[in-house]
Every structure is written in C-alpha cells, then in structure tokens.
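# build me a structure from this.
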Amino acid sequence: MMAEAKKILFICTGNSIRSQMAEGFMKTLGGGKWTVRSAGVLPSFVHPLAVRVMMEAEIDISDQKSKSVNAFVNETFDVIITLCDHAAATCPTFPGQAKRLHWPIDDPIGATGTMEERLVLFRKARDEIKNRIEAFLKSESK
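Down below sits the predicted model:
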C-alpha cells in the first residue's frame, strides 16, 4: 500500500512569485509524495516574470492561481514553509502539528532596470528556492 502524500504549504506575502515557484518545484521534484499548496497573506496574481523564469527551468506554473492563506486555515499540513519575514510574522495558526520552516528569500517584485536586470533577480530567487527544496527533499528522505 502506498503511503499517503504528505501535505506542504508555501506562504509568502502576495503568492505571486516565491511561493508560486516553490509550489512548481515541489510538484515537479517531490516525486508525487507531496500534496503541494501555496498561498499569500495578501494574494494578488501569478507574476508573468515568475512564469517566464520557471519555463526556463522547464516547469510551467502558468495555470497556478494566487490564493489567500485564509483558504487553508482549517486544513492540517505536515510542513508549512514561509518564504519571507512578513509571511512568517503574519501567518495564521493552522490545526495539527505542522513542522514550521522559514526560508527568507529576497522578493524580486520591486526589481527595476532593464528586462534582463529584472530577470536576474527573478532567476536568483528561483535558483535559491530550487536549491532549498532539493536540500529539504534530501533531508526528508533520510
């Protein structure tokens, strides 16, 4: 009998970039062992540059939607990961005994300059999230 998938929730402020990337990577790299959700304290939209840099990593997040963390407050999770200090400070309490992790990743939302200069910051966030998820999955499989 296959073990039930563990549930993981990624939270950032807008559920626009970082938590969307994390959701995409976890769905792809988690090998089907995780039920993956992402949410924002102040949900907005999935940022087009987040979609673009994830496509560079061959992961399509264009169908993902920005969701409020309040939509999940009655669910239990095995792991809850906040990706910014604002989310960590304002994250609601969830039922159950979820493992809480905090990965402060710089938000590229305010990136200015040329398109290439902005993409550099989005790629930096993407690569840091991918590295953290790979390390997390390695530690979970022990």
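# need the contact list for the nearest residue to Thr13 once chain neighbours are set aside.
Once flanking residues are discounted, Thr13 sits nearest to His86: 4.9 Å by C-beta to C-beta, 6 or more residues apart in numbering. Placement of C-beta: from N, CA and C, glycine included. For His86, the contact set (C-beta atoms under 8 Å, 6 or more residues apart in numbering) comprises 12-13, 41.
# of the residues you listed, which is the most crowded?
Cys12 (31 neighbours; other C-beta atoms under 10 Å).
# correct me, but that residue touches Ala88?
No: proximity of Cys12 to Ala88 does not meet the contact threshold set by C-beta atoms under 8 Å, at 9.7 Å.
# now for the two: what residues contact both?
Counting by C-beta under 8 Å, 6+ apart, the residues touching both Cys12 and Ala88 are Thr82.
# scan the chain for its longest helix.
The residue-count maximum for a helix in the chain (DSSP state H) belongs to helix 115-140.
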